[in-house]
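A.B. asks: Curious how this folds, go ahead:
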Amino acid sequence: MHKSELKMRITRDDCDPTETVFFPRYFAFCAAATGALFESVGLPKPLLLKTYAIAGYPVVEVSGSFYRPCTFGDDIVIESRIAQWGGASFRLVHRIRKGGELAVEVREKRVWTVRHPNKHDALLSKPIPVEIKSRFNGV
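C.D. replies: Numbers count the residues shown, from 1 in each chain. All right, here's what the predicted structure looks like:
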């Protein structure tokens with residue numbers, strides 16, 4: 001299965017007063033890593049929005065396991081892959097490594113969505129096109 005890597009350096013803005021990453025920031029890192037994963041198969045988000053008229057692929061379920069703290073100035077690598085495809089959803093696993101060792105693992109479920117035609121603030125799930133899924137299997 002295709003996976004991508006995103007390299008980042010922890011900044012002060014990512015940290016609490018002890019200079020340790022504030023845990024919600026890991027979820028923000030994974031949002032960036034999801035974009036990088038799609039981009040790695042030639043599907044940057046702006047292209048997805050335009051070509052498939054989607055609203056996005058929001059998170060509907062998330063969990064994390066924390067093994068080692070990351071702190072200000074650390075270089076991390078986020079390895080991301082799609083673990084499972086559903087009809088209108090997909091599950092991702094993000095493994096955040098620091099110095100080659102697993103620091104955090106985040107699991108997400110995201111849903112392929114479009115805007116509701118009659119309710120501006122509502123989203124509807126939509127089946128993920130086969131050609132999207134095949135990009136990840138064919139790489």
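
A.B. asks: Pick out the residue closest to the middle of the chain.
C.D. replies: Thr34 (2.8 Å; CA atoms, centre = their mean).

A.B. asks: Spit out the contact partners of that residue.
C.D. replies: Counting by CB atoms under 8 Å, 6 or more residues apart in numbering, Thr34 touches 57, 80, 92, 94, 108, 110. Backbone N, C-alpha and C define where each C-beta goes, glycine included.

A.B. asks: Mind checking which of these land in strands?
C.D. replies: Using DSSP state E, 80, 92, 94, 108, 110 are the members of the contacts of Thr34 that sit in strands.

A.B. asks: can you give me the strands for this structure?
C.D. replies: Using DSSP E, strands in the chain cover 3-9, 59-66, 75-85, 89-98, 101-111, 113-115, 123-125.

A.B. asks: any chance of the ones you listed in TSV, with mean neighbour count too?
C.D. replies: Below are these laid out as TSV (neighbours: other CB atoms under 10 Å):
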stretch	mean neighbour count
strand 3-9	15
strand 59-66	13
strand 75-85	17
strand 89-98	20
strand 101-111	18
strand 113-115	16
strand 123-125	15
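
A.B. asks: Tabulate the ones you listed (a markdown table), appending distance to Leu43.
C.D. replies: Formatted as a markdown table, the strands of the chain follow (distance: least, CB to CB, whole Å):
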| stretch | distance to Leu43 |
| --- | --- |
| strand 3-9 | 11 |
| strand 59-66 | 18 |
| strand 75-85 | 12 |
| strand 89-98 | 13 |
| strand 101-111 | 14 |
| strand 113-115 | 16 |
| strand 123-125 | 19 |
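
A.B. asks: Now render the ones you listed as JSON lines, adding distance to Phe23 and mean pLDDT.
C.D. replies: Converted to JSON lines, these look like this (distance: least, CB to CB, whole Å; pLDDT from 0 to 100):
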{"stretch": "strand 3-9", "distance to Phe23": "16", "mean pLDDT": "97"}
{"stretch": "strand 59-66", "distance to Phe23": "7", "mean pLDDT": "97"}
{"stretch": "strand 75-85", "distance to Phe23": "14", "mean pLDDT": "97"}
{"stretch": "strand 89-98", "distance to Phe23": "12", "mean pLDDT": "98"}
{"stretch": "strand 101-111", "distance to Phe23": "9", "mean pLDDT": "98"}
{"stretch": "strand 113-115", "distance to Phe23": "26", "mean pLDDT": "92"}
{"stretch": "strand 123-125", "distance to Phe23": "26", "mean pLDDT": "94"}
